[in-house]
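J.: Predicted model, plus sequence, below.
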Amino acid sequence: MFDNLQEKLEGAFKVLKGQGSITEINVAETMKEIRKALLDADVNYKTAKAFTDEVKQKALGQNVLTAISPGQLLTKIMNDELTLLMGGSVDELELKQNPTIILIAGLNGAGKTTFTGKLANYLKTQKNKKPLLVAGDVYRPAAIDQLEVLAGQVGAEVYTNRESKDPVAIALEGIVHAKQNGNNVVIVDTAGRLTLDEALMDEIAEVKKATNPHEILFVVDAMTGQDAVNTAKAFNDRLDFTGVVLTKLDGDTRGGAALSIKSVVNKPIKFVGTGEKMDALDVFHPDRMASRILG
Ligand code: GDP
């Protein structure tokens with residue numbers, strides 16, 4: 001994960017290693033390398049600039065406390081700032097309501113349905129919940145089949161209505177079913193599209209209005225870099241979602257999406273997908289991710 005970024009940052013740090021102190025000149029040079037490494041990892045330009053400006057200011061500001069070497073000082077500042085950039089601390093799911101309603105949104109292929117299954121598994125095994133999955137993709141019967149298969153794998157219940165073409169009605173029926181059946185979390189999977197379009201946004205906005213969800217999780221493929229950030233922005237402008245799920249972090253992703261999304265959209269990453277299996281889901285810890293990036 002993020003191997004290339006890690007290597008480039010290591011290269012940037014070399015400028016300061018072996019230097020006796022931090023100066024305007026060697027910090028400026030290091031920041032230039034760090035910014036290059038971030039842009040190369042597909043981090044949004046403004047984010048990369050603001051980030052390096054902040055690190056530079058901190059490095060020069062803390063220079064008086066020269067108890068540690070410039071390299072160590074920079075590592076510490078980078079670690080703190082990367083953690084902040086990715087949201088600072090863990091943002092837990094809001095699960096207090098009974099039933100808690102969670103709406104899942106995103107483009108086709110992002111990993112929405114897979115995540116829906118993983119989330120049900122997480123809620124069952126880690127949070128002691130009894131989730132109900134609602135199949136809200138009325139366009140692709142295969143998506144309903146897929147959800148049923150995944151639910152079967154994790155031992156969760158599913159609500160489907162294959163006769164209906166109305167996602168709002170299906171979601172509402174699902175919630176009624178959950179209340180009758182004692183399900184304390186309802187996860188509504190919605191239809192995606194291959195690309196962003198108004199009809200998709202309208203449909204999800206309607207489901208949101210009717211169901212009043214406690215969480216709206218936007219699922220996006222980390223491999224798509226800046227596109228992931230742009231799509232997130234478009235969905236958030238319309239839906240005001242509560243959190244992001246970054247999928248496929250196990251792939252050869254450069255890291256740009258993980259590093260830029262919080263600062264561009266101002267919504268936390270709540271989960272990351274790290275594989276196709278139902279247990280390949282991690283709660284997102286900004287500090288752990290920062291440590292991983294710094295190696
Ligand atoms: P949807 O169209 O958004 O519902 O996407 P799917 O859930 O069908 O996922 C699309 C493809 O991505 C499937 O082949 C999934 O197995 C795969 N996938 C989903 N999440 C992950 C992940 O975290 N890692 C990897 N490697 N593959 C994933």
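T.: Okay, I see it.
J.: contacts and neighbour counts: CA atoms only from here.
T.: Noted.
J.: right, is the helix or strand harbouring Thr114 up against the ligand?
T.: Using DSSP states H and E, Thr114 falls within helix 112-127. Yes: counting by C-alpha under 6 Å from any ligand atom, the ligand is contacted by helix 112-127 at 112-114.
J.: Pull out the buried residues from the helix or strand of the chain at the bottom of the mean pLDDT ranking.
T.: Lowest mean confidence among the helices and strands of the chain (mean pLDDT, DSSP states H and E): helix 3-14, at a mean of 88. Using 16 or more other C-alpha atoms under 10 Å as the test for burial, helix 3-14 gives 3-6, 8-10, 12-13.
J.: The ligand next: which of these are close?
T.: Residues of the buried residues of helix 3-14 in contact with the ligand (C-alpha under 6 Å from any ligand atom): none.
J.: angle of the helix or strand just after the least confident helix or strand of the chain against helix 3-14?
T.: Once the chain leaves helix 3-14, the next helix or strand it forms, by DSSP H and E, is helix 24-40. Angle between the axes of helix 24-40 and helix 3-14 is 170 degrees (criterion: axes from the mean of the first three to the mean of the last three C-alpha atoms, to 10 degrees).
J.: The ligand contacts on the stretch 1-150 of the chain?
T.: Looking at the ligand, the residues of the stretch 1-150 of the chain close enough under C-alpha under 6 Å from any ligand atom are 107-114.
J.: nearest to Leu259, of these?
T.: Ala110 (18.1 Å; C-alpha to C-alpha).
J.: what pairs with the nearest residue to Thr247 once chain neighbours are set aside across the strands?
T.: Of all residues not flanking Thr247 in the chain, Gly273 sits nearest, at 4.2 Å (C-alpha to C-alpha, 6 or more residues apart in numbering). Gly273 forms beta bridges with Leu281, as assigned by DSSP bridges.
J.: Next, count neighbours for Gly273.
T.: 27 (other C-alpha atoms under 10 Å).
J.: now for whichever helix or strand Lys58 is part of, which elements pack on it?
T.: If you go by DSSP H and E, Lys58 is part of helix 45-61. When contacts are defined as 3 or more C-alpha pairs under 8 Å, 6 or more residues apart in numbering; DSSP states H and E, helix 45-61 sits against helix 24-40, helix 70-85, helix 256-265.
J.: In a helix, Val168, correct?
T.: Yes: counting by DSSP: H, G, I helix; E, B strand; the rest coil, Val168 is part of a helix.
J.: Next one, pLDDT for the residue nearest to it when sequence neighbours are not counted please.
T.: Nearest residue to Val168, sequence neighbours excluded (C-alpha to C-alpha, 6+ apart): Val207, at 4.9 Å. We have a pLDDT of 96 for Val207.
J.: Also the one 4 residues further on?
T.: You'll see Thr211 listed with a pLDDT of 97.
J.: Enumerate every residue touching it.
T.: 101, 168, 171-172 (C-alpha atoms under 8 Å, 6 or more residues apart in numbering).
J.: same thing with Thr52?
T.: 31, 34-35.
J.: Name only those of the residues you listed that count as buried.
T.: By 16+ other C-alpha under 10 Å, the contacts of Thr52 give 31, 34-35 as buried.
J.: how many degrees apart are the least confident helix or strand of the chain and helix 70-85 in direction?
T.: Using the same axes, to 10 degrees: helix 3-14 against helix 70-85 is 140 degrees.
J.: Next, the angle helix 256-265 makes with helix 3-14.
T.: Using the same axes, to 10 degrees: helix 3-14 against helix 256-265 is 80 degrees.
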